[in-house]
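>>> Predicted structure and sequence below. I'll ask about it afterward.
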Amino acid sequence: MKKLKRIKQIEKTYVEDLPISKTLESSINDIARSLSKQIDKEIFNKKHVRTADILKLIGAGAFIAASLAIPNLPRILKPFLEDENEFEIWKRFNIPYLKRTLRRLEKEKLVQIKDAQDHQVVEITQRGRRRILKYALDEITVEKPKFWDGKWRLVSYDIPAKQRNLRKIFREYIHAWGFYPLHESVYLHAYPCEKQVEFLREYLGLGEYVRIFYVIKIENDALFRDFFSV
């Protein structure tokens, strides 16, 4: 009987398990605070704030040292609200729903709930911080400027096979941002997109595999000019 050849499995790399770079770590609180400011009045009026919005508030520090009984919830959230009307709305927040949501976030390892002397402390975890970065990434777009600067942006990547799931995520964002597929691992854009690409590669931990090039002239560029309307 022939021995079966052992097939070597390629270990997957999961975004949730990646370390957060120092560059992103230093900006997470600002990102969370910025995202929490975007929670609009319609959501507040529903009283059942989305899980994502609760996590944003936790990331911004709104729930640190907050009791799950939340008798002082409005006072804690006041710095994050736009006006007194929203402050009054939070006074009527559905506390049982909030408690269930926090427990669910804890089960998903997005927050930790620790017992203190007379209250429970809600803290965001590494995985929770990564989720906030994901929320920020999903809101990023590449805007068309009023005037084209005449520069082409080439993004080239060579991501190892063991990180193929990260490569797939990278391509999905590149496509969503309107890049033109020049070659298999080379994409083209006419508009400023450096910060977006830098954020994406930092988030995915792909800094050493992704490069941005600036090109002044491309031969027979009529197709690209038409694609980007420049």
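It's in. Residues are numbered from 1 along each chain as shown.
>>> in stretch 190-206, what's buried?
Neighbour-count burial for stretch 190-206, counted by 16 or more other C-beta atoms under 10 Å, picks out 190-191, 193, 196-197, 199-206. From N, CA and C alone the C-beta is placed, and that goes for glycine too.
>>> Hmm, I typed the wrong one, I wanted stretch 171-181.
Under 16+ other C-beta under 10 Å, the buried positions of stretch 171-181 are 171, 173-174, 177-180.
>>> The residue positioned nearest the centre of the chain and Gly59, how far apart?
Nearest residue to the geometric centre of the chain (C-alpha atoms, centre = their mean): Lys134, 1.8 Å. Using C-beta to C-beta, to the nearest Å, Lys134 is found at 11 Å from Gly59.
>>> Put the alpha carbons of stretch 221-230 into PDB.
C-alpha atoms of stretch 221-230 as PDB (Å, rounded to 0.1, in the frame of the first residue of the first chain):
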ATOM      1  CA  ASP A 221      -2.300  56.800 -21.200                       C
ATOM      2  CA  ALA A 222      -5.500  57.800 -22.900                       C
ATOM      3  CA  LEU A 223      -7.300  54.700 -21.400                       C
ATOM      4  CA  PHE A 224      -6.300  55.700 -17.900                       C
ATOM      5  CA  ARG A 225      -7.100  59.400 -18.400                       C
ATOM      6  CA  ASP A 226     -10.600  58.400 -19.600                       C
ATOM      7  CA  PHE A 227     -11.000  56.000 -16.600                       C
ATOM      8  CA  PHE A 228     -10.200  58.700 -14.100                       C
ATOM      9  CA  SER A 229     -11.600  61.600 -16.100                       C
ATOM     10  CA  VAL A 230      -8.400  63.600 -16.000                       C
END
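>>> List the contacts of that stretch.
144, 148, 152, 180, 188-191, 218 (C-beta atoms under 8 Å, 6 or more residues apart in numbering).
>>> What is the neighbour count of the closest residue to Tyr180 other than its chain neighbours?
Excluding the flanking residues, the one nearest Tyr180 by C-beta to C-beta, 6 or more residues apart in numbering is Leu188, at 4.4 Å. Neighbourhood size, Leu188 [other C-beta atoms under 10 Å]: 20.
>>> My guess is Leu188 contacts Arg153. True?
Yes: the pair Leu188 / Arg153 is scored as a contact, 7.1 Å apart, by C-beta atoms under 8 Å.
>>> Contacts for stretch 188-195, please.
So stretch 188-195 is contacted by 142-145, 148-149, 151-155, 177-182, 212, 224-225, 228, 230 (C-beta under 8 Å, 6+ apart).
>>> Which members of those residues are positioned in helices?
Among these, the members found in helices (DSSP state H) are 224-225, 228.
>>> how is this protein carved up into domains?
18-138, 152-228 (automatic domain parsing).
>>> quick one: pLDDT of the residue nearest to the centre of the chain?
Note on Lys134: pLDDT of 91.
>>> Distance of it relative to Lys109?
In terms of C-beta to C-beta, Lys134 sits 15 Å off from Lys109.
>>> Show me what Val155 is bridged to.
Assessed by DSSP bridges, Val155 has beta-bridge partners Tyr187, Ile212.
>>> Contact partners for it?
Neighbouring residues of Val155 by C-beta under 8 Å, 6+ apart: 174, 179, 186-189, 193, 197, 210-213.
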